[in-house]
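> below are the sequence and a predicted model for it; my questions follow.
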Amino acid sequence: RDLMPAALQPRAQVIASLLRAFRRNGYDGASLSRLSEATGLRRASLYHHFPGGKEDMARAVVISAVQSFRDVVLAPLQEPGTPEQRLAGMAAALSAFYDGGKDACILALMTVGEGRDVLAPEVRVGLQGWIDALSSVIEDAGQPEAVARERAQNAVARIQGALVLARGLGETAVFERTVEDLPRDLLT
């Protein structure tokens, strides 16, 4: 396909294309050629949007993914309702966000190889935000802070593990079960 000048593609559209490329190839496997092909932009146009090159592109993808996760998955935790209702809302949003377990977590993919060193601060912010949001709801349900934090960390670990299993086994049932059981498991 013809490669487009940078000015014709909005930055958000470029980031969405980069997200798909990084999700498919990981940080180390996403060469500038692959990123250029994925976005339909020449390398010079990519550098127009991201002067720091691949690191800037990856950072923008992680920041965008974390914001989307907050807006979609964590938002139900802030809504009115009982802790059970809020966690159920998050679980439904989580399932949709990861396409029922078919999509890999971009934060997990970006922490393999060189990406770990480059993107550690952004990944940490994303994961800690998730843990904090879950912990707050668990505390609202009457659990002590230390118990709430431990349960939240364990929940994130279970979800991440379920995503790996779903992709590795080619079966989404383990992810779906994990997400379905999450509200009950966090509060009992």
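Yep, it's here.

> report the buried residues of the longest helix along the chain.
Assignment by DSSP state H gives helix 114-140 as the longest helix of the chain. The neighbour-count check on helix 114-140 (16 or more other C-beta atoms under 10 Å) flags 115, 118-119, 122-123, 126-127, 130-131, 133-139 as buried. Backbone N, C-alpha and C define where each C-beta goes, glycine included.

> please name every helix or strand in contact with it.
Packing partners of helix 114-140 (3 or more C-beta pairs under 8 Å, 6 or more residues apart in numbering; DSSP states H and E): helix 11-29, helix 54-69, helix 75-78, helix 83-97, helix 106-109, helix 145-169, helix 173-187.

> any idea which of those helices gets closest to Ser36?
Closest to Ser36 of those, according to C-beta to C-beta: helix 11-29, at 9.4 Å.

> which helices and strands does the closest one pack with?
Checking 3+ C-beta pairs under 8 Å, 6+ apart, helix 11-29 ends up next to helix 32-39, helix 43-49, helix 54-69, helix 106-109, helix 114-140.

> show residues contacting that helix.
6, 30-31, 34-35, 37-41, 46, 49, 57-58, 60-61, 64-65, 103-104, 106, 109-110, 112-115, 118-119 (C-beta atoms under 8 Å, 6 or more residues apart in numbering).

> got the contact list for the nearest residue to Leu74 once chain neighbours are set aside?
Spatially, and ignoring its direct neighbours in sequence, Leu74 is nearest to Ala133 (4.7 Å; C-beta to C-beta, 6 or more residues apart in numbering). Ala133 makes contact with 74, 77-78, according to C-beta under 8 Å, 6+ apart.

> tell me the most packed of those, by neighbour count.
Greatest neighbour count in the contacts of Ala133, by other C-beta atoms under 10 Å, goes to Leu77: 21 neighbours.

> how far away is that one from Ala152?
Using C-beta to C-beta, to the nearest Å, Leu77 is found at 11 Å from Ala152.

> list residues touching both of these two?
Leu134.

> is it fair to say Asp103 lies in a strand?
No - Asp103: not assigned to a strand; according to DSSP: H, G, I helix; E, B strand; the rest coil it is coil.

> in space, what's closest to it - neighbours in sequence excluded?
Arg23 (7.1 Å).
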